[in-house]
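J.: for reference, the sequence and a predicted model appear below.
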Amino acid sequence: MKMVKRQGYQWAAAICLVAGMNSAQAAISNGAPTIQPGGSGVAGELFLNVWDQAAATSYSIDLGVTVGDFLAGSQVSSYWNLDQRFVNWAAATSDPLTFNVAGNNSYVGLNSADYGVLLSRRTGASAPGSFSMSALATVTTRISARATALNIAEVAQNSGATATDYAADLSEVTTTNASSYFDKAWGTSMNISGWVGSATVRNGGNPDQTLNLFFIHSPGGTVASGTPVVFNELDGFLSLDIASAKLTWTSNVAPVPVPGAVWLFLSGILAVLRVQKRSGVASIA
């Protein structure tokens with residue numbers, strides 16, 4: 001349905017990310033303790049939402065990579081080719097369009113530093129104010145609820161799919177208020193003071209906006225409701241190209257070049273292997 005291409009020379013990070021893609025789920029894993037008991041289950045997955053405000057319709061798709069795997073591979077640029085459903089929907093929509101990305105990872109419990117959300121914020125928007133663990137818990141619930149609503153719509157729109165069908169990463173288009181883009185009040189500010197969670201594209205002569213990604217999480221250890229959370233900004237940005245139906249993560253981390261000594265070492269090994277092969281052929285003759 002969609003392809004993801006990994007680029008760069010940071011092999012370890014790329015392997016982590018690709019390994020996560022191999023276990024991608026059709027229904028979005030919402031990473032919520034109400035679905036997966038604390039300390040068990042798997043991390044929540046990222047999902048893309050695109051909204052046409054004028055027509056009150058939205059498109060969403062499971063991106064097929066968990067919060068943990070994306071964090072592990074975020075130093076590698078990547079992209080997702082969206083499906084035909086997106087192409088058809090985008091062709092029928094009005095300008096401008098708004099998009100964001102989110103993923104919930106709260107199943108591990110409040111005392112884990114992995115407890116939190118991966119959340120988009122419009123590039124250039126002001127930094128958020130203070131934010132506590134109790135507020136983070138509210139955000140995890142909203143993202144989880146959004147993922148659950150999308151799963152219900154995906155099953156209804158993809159013949160033969162079920163909420164536990166892990167064969168593909170599904171998409172859905174909705175025109176109903178019950179599962180619309182800004183339903184459950186998480187699509188704009190996410191109830192975080194000063195947060196602008198979405199970016200605008202295909203907006204007349206204005207340049208397309210992009211999104212930064214933040215992992216907002218528990219500091220780990222013993223925490224209370226008023227304990228401040230940790231904001232980790234990933235070094236890169238997300239862009240959505242409507243014309244090519246492509247979502248791109250562009251890492252700002254420079255690829256680590258392979259040292260010249262390594263190339264010399266590898267070429268030496270290849271030379272030895274060639275010599276051994278020739279020697280073997282000569283002895284047989």
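T.: Right, received. Where do you want to start?

J.: look up the closest residue to Gln53, ignoring the ones flanking it.
T.: Thr98 (6.7 Å; Cβ to Cβ, 6 or more residues apart in numbering). (Glycine included, C-beta is placed from N, CA and C.)

J.: what's the spacing between the one you found and Ser144?
T.: 21 Å (Cβ to Cβ, to the nearest Å).

J.: and Thr57, by the same measure?
T.: For Thr57, the distance to Ser144 - Cβ to Cβ - is 23 Å.

J.: the two: who's more crowded?
T.: Ser144 (25 against 19; other Cβ atoms under 10 Å).

J.: name the element the more buried one belongs to?
T.: helix 133-157 (DSSP states H and E).

J.: report the next helix or strand after that helix in sequence order.
T.: strand 171-174.

J.: list the neighbouring strands of the helix or strand following that next one plus their orientation.
T.: Where DSSP H and E defines the elements, the next helix or strand beyond strand 171-174 is strand 199-201. In the sheet containing strand 199-201, its partner strands are strand 97-105 (antiparallel), by DSSP bridges.

J.: output the helix or strand just after the partner strand as CSV, restricted to C-alpha atoms.
T.: Using DSSP H and E, the helix or strand that follows strand 97-105 in sequence is strand 116-122. Output of strand 116-122 as CSV, limited to C-alpha atoms (Å, rounded to 0.1, in the frame of the first residue of the first chain):
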residue,chain,number,x,y,z
GLY,A,116,4.9,9.9,26.5
VAL,A,117,3.8,10.9,23.1
LEU,A,118,5.5,11.8,19.8
LEU,A,119,3.8,14.9,18.7
SER,A,120,4.1,17.4,15.7
ARG,A,121,4.4,21.1,16.1
ARG,A,122,4.4,23.7,13.3
